[in-house]
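>>> using only what follows, build the 3D model:
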Amino acid sequence: MNEDIKEKEIRLLDGEESSIVNTKDALKLAEERELDLVMISPTANPPVCRIMDYNKFLYEQSKKQKENKKNQKIVDTKEIRLSPTIEEHDIEVKAKNARKFLEDENKVKVTIRFRGRQNNYTNLGEKVFQLFLSKVGDSGIVEKPAKLEGNNMIMILGPKKQ
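Numbering: from 1, shown residues only. Below you'll find the predicted structure:
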């Protein structure tokens, strides 16, 4: 920016026009207009510069970033833990909570932990997942199907698109 530009010649973008000028001449032109000479593309040959109000440019950039941040929807991941020996009523309660999370447009990570001898009966976990999915109903879709990772079987549900 301004005096930090060390090249002798630059390509100056001024409105719709572009021309190759001496850096000192471009600096004088920027000072006459009370603006800054800003290098846009330092890797081009010759480097490309523009005359602009740099502080105004930074301010507008920060406003755009704040606006984009406001419009951004943050998706949280909620976890529900089950066991392979869970009773049906407990599944209903957990499914009701999962539906609530999915309606708030959060993802739900459903985990079944196998302990000791339960590791030999992972098919029970798959049955529990099927029962859980039938209770959740149409509130969500399966983003990642049930998969055994170590002692845990994990499935991820996402909210349904409207």
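>>> check for me that Phe129 belongs to a helix.
Yes - assessed by DSSP: H, G, I helix; E, B strand; the rest coil, Phe129 belongs to a helix.
>>> what strand or helix carries the closest residue to it other than its chain neighbours?
Leaving aside its sequence neighbours, Phe129 sits nearest to Ala146 (CB to CB, 6 or more residues apart in numbering; 4.9 Å). Where you see a C-beta, it was placed from the backbone N, CA and C, and this is true even at glycine. Using DSSP states H and E, Ala146 sits within strand 140-149.
>>> output the contacting helices and strands for that strand.
helix 88-103, helix 122-136, strand 152-159 (3 or more CB pairs under 8 Å, 6 or more residues apart in numbering; DSSP states H and E).
>>> try it again with 6 Å
strand 152-159 (3 or more CB pairs under 6 Å, 6 or more residues apart in numbering; DSSP states H and E).
>>> put the alpha carbons of the strand it packs on into CSV.
Output in CSV follows, covering the C-alpha atoms of strand 152-159 (Å, rounded to 0.1, in the frame of the first residue of the first chain):
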residue,chain,number,x,y,z
ASN,A,152,-19.6,-48.3,20.2
MET,A,153,-22.1,-48.4,17.4
ILE,A,154,-22.8,-45.0,16.0
MET,A,155,-25.4,-43.6,13.7
ILE,A,156,-26.0,-39.9,12.7
LEU,A,157,-29.4,-38.5,12.0
GLY,A,158,-29.9,-35.1,10.2
PRO,A,159,-33.0,-32.9,10.1
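>>> what comes up buried for it?
Across strand 152-159, burial judged by 16 or more other CB atoms under 10 Å covers 153-159.
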